[in-house]
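Participant: Provided below are the primary sequence and the corresponding predicted coordinates.
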Amino acid sequence: MLTTKPRGTNDILPEEVYKWQYLEDVVRKVANLYGYKEIRTPVFEHTELFRRGVGETTDIVEKEMYTFQDKSERSLTLRPEGTASTVRAFLEDKLYAKHLPVKLYYMGAMFRYDRPQAGRYRQFHQFGVEVFGAIDPSLDAEIIAMAMDIYDHLGLENLEVELNSVGCPHCRNSHREVLQEYLKEKVQDLCGTCQGRFNKNPLRILDCKNGRCRDLVADAPTIGDMLCDECNKHFQKVKEYLDEMKIPYKLNPGLVRGLDYYTKTAFEIVARGIGAQGSIGGGGRYDNLIEDCGGSSMPGIGFALGLERVLLTMEQQKVLIPRLEQMGVFIVTLGEAAQKVAASMAQKLRKDGITVEFDYMGRSLKAQLKSANRGNFPYVVILGEEEIKKGVAILRKMEESSQEEVALQDIVSLIVKEYKGGKNNE
Ligand code: AMP
């Protein structure tokens, strides 16, 4: 137990963290291009927020939440997604009083008690955006375009946008009736959870992960056939904008998404070939959520992508991820006098923004040089007892395989000059 992490969680190790930093960097840059500002909300919220926001009959609320009582017996839940918290903050912090629409993005860990497998974890990370206060269909299309832009910046290919409209409560009522009629004879064959959903929220049955339920609803009537005029018009416009922007999409009338709050546009972005968990992002419009969470009637739309799945897809598509970290100087020291000189030299170099590393372990010259090589340092400074006595240091430029003796008082400025003028600073 003590040396085992909880099931469905991951350590991100130092040798792979550069991939995460790169990915986080790219999504932040693209979010900025589209005018989104970051919001950071707590990792846990009152359970009621997700019950109301995500929906009582969703898989997330029925089966997947990490809910606990704190010492004052409040029921709290680790956030399973980011939209409900963002809406809560929008209302609580009165962001609606600012210029509308409000465009926010978030990034962080989410928690769902799901069955772990490749691409599906109990703690995973999402980047998401939310826009509050605008109903225009061009925005639905722009959010899809932005999602595709992020994947494009990351060098991903072979992605497909799956698109649907899940209508408004009005269309859903009509759909609910025909769906119940269709499922009437099949109820006893559905899984236990879906039997409960039959009366409460039959639309959710279309989203069940159980194989048997999936088979039973394969030919069920879809919401697309029941859209009201307004939802239909909105959907047509979204498609027109996507066509205008030359963003290909595939209509998927069965797409309902796993959260109750969606209205009208719903979409998912699917990567082929990363296994069963192919959805690398998804989102949609939620024109009633803000009101359901206690705000005034105001439309909203959002999108979230799973960072783990994006990285898996990048790996699978063999996208080269650049290492952003810069290596600077490795100082090899022999003897205590040299170590002292090295300590002050290192501080001066670091003040100038240059990374400096040591051995710390009292190893031999040969072993220290090996460490320097392993760390890919472009410069190595060697300070032995002889050098200290002479008031010099040996400066090795690893790329040129050259070395020279430099006076101790000149070495810092020389390295700074070389480093800043050289290609290490590109
Ligand atoms: P959702 O919030 O369910 O709409 O999911 C949005 C995105 O988050 C999905 O497209 C996935 O990329 C990612 N995601 C959702 N659940 C998980 C999970 N359990 N593990 C890893 N990624 C996930």
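Facilitator: Received it, and whenever you're ready, just let me know what you need.
Participant: Now do the contacts for whichever residue of the stretch 101-250 of the chain sits closest to the ligand.
Facilitator: When scored by Cβ to the nearest ligand atom, the stretch 101-250 of the chain has residue 124 as its residue closest to the ligand, at 3.4 Å. To be clear about C-beta, it is placed using only N, CA and C from the backbone, and glycine gets the same treatment. The neighbours of residue 124, taking Cβ atoms under 8 Å, 6 or more residues apart in numbering as the test, are 109, 110, 112, 306, 307, 308.
Participant: What parts of this protein come near the ligand?
Facilitator: 81, 112, 114, 119-121, 124, 126, 258, 279-282, 304-306, 308-309 (Cβ under 6 Å from any ligand atom).
Participant: which ones among those residues are found in helices?
Facilitator: 308, 309 (DSSP state H).
Participant: List only buried entries from the residues of the chain next to the ligand.
Facilitator: 81, 112, 114, 119-121, 124, 126, 258, 279-282, 304-306, 308-309 (16 or more other Cβ atoms under 10 Å).
Participant: Can you get me the start-to-end distance on stretch 391-408?
Facilitator: 6 Å (Cα to Cα, to the nearest Å).
Participant: Pull out the buried positions in it.
Facilitator: Those buried within stretch 391-408 under the rule 16+ other Cβ under 10 Å are 392, 393, 394, 395, 396, 398, 406.
Participant: where's the dip in pLDDT among these?
Facilitator: For the buried residues of stretch 391-408, the weakest pLDDT value sits at residue 398, with 86.
Participant: Now it. Its backbone dihedrals?
Facilitator: For residue 398, the backbone dihedrals (degrees, to the nearest 10) come out as phi -70, psi -40.
Participant: Repeat that for residue 301.
Facilitator: The phi/psi pair for residue 301 (degrees, to the nearest 10) is phi -150, psi 150.
Participant: Let's see which of the buried residues of stretch 391-408 end up in strands.
Facilitator: Judged by DSSP state E, the subset of the buried residues of stretch 391-408 located in strands is 392, 393, 394, 395, 396, 406.
Participant: Contact partners for the fourth one?
Facilitator: With contacts defined as Cβ under 8 Å, 6+ apart, residue 395 is in contact with 379, 380, 381, 403, 404, 405, 406, 411, 414, 415.
Participant: can you count the residues close to the last one?
Facilitator: Yep, that's residue 415 we're talking about. 25 (other Cβ atoms under 10 Å).
Participant: Tell me if I am right that it is in a helix.
Facilitator: Yes: secondary structure of residue 415 (DSSP: H, G, I helix; E, B strand; the rest coil): part of a helix.
Participant: Looking from the ligand, tell me which residue of the stretch 151-300 of the chain is nearest.
Facilitator: residue 279 (3.9 Å).
Participant: Was I right to think that residue contacts residue 268?
Facilitator: Yes: look at residue 279 against residue 268 with Cβ atoms under 8 Å: they come within range, at 5.2 Å.
Participant: Against which helices or strands is the host helix or strand of residue 50 packed?
Facilitator: Of the helices and strands defined by DSSP states H and E, residue 50 is found in helix 47-54. Under the contact definition 3 or more Cβ pairs under 8 Å, 6 or more residues apart in numbering; DSSP states H and E, helix 47-54 sits against strand 75-78, helix 83-92, helix 289-292.
Participant: same thing but 7 Å
Facilitator: strand 75-78, helix 83-92 (3 or more Cβ pairs under 7 Å, 6 or more residues apart in numbering; DSSP states H and E).
Participant: Can you name the residues in contact with the helix or strand just after it?
Facilitator: Counting by DSSP H and E, the next helix or strand C-terminal to helix 47-54 is helix 59. Identification of contacts with helix 59 by Cβ atoms under 7 Å, 6 or more residues apart in numbering yields residue 258.
Participant: Just the mean pLDDT for whichever helix or strand comes after helix 59, thanks.
Facilitator: The first helix or strand that comes after helix 59 along the chain, using DSSP H and E, is strand 67-69. What strand 67-69 shows for mean pLDDT is 98.
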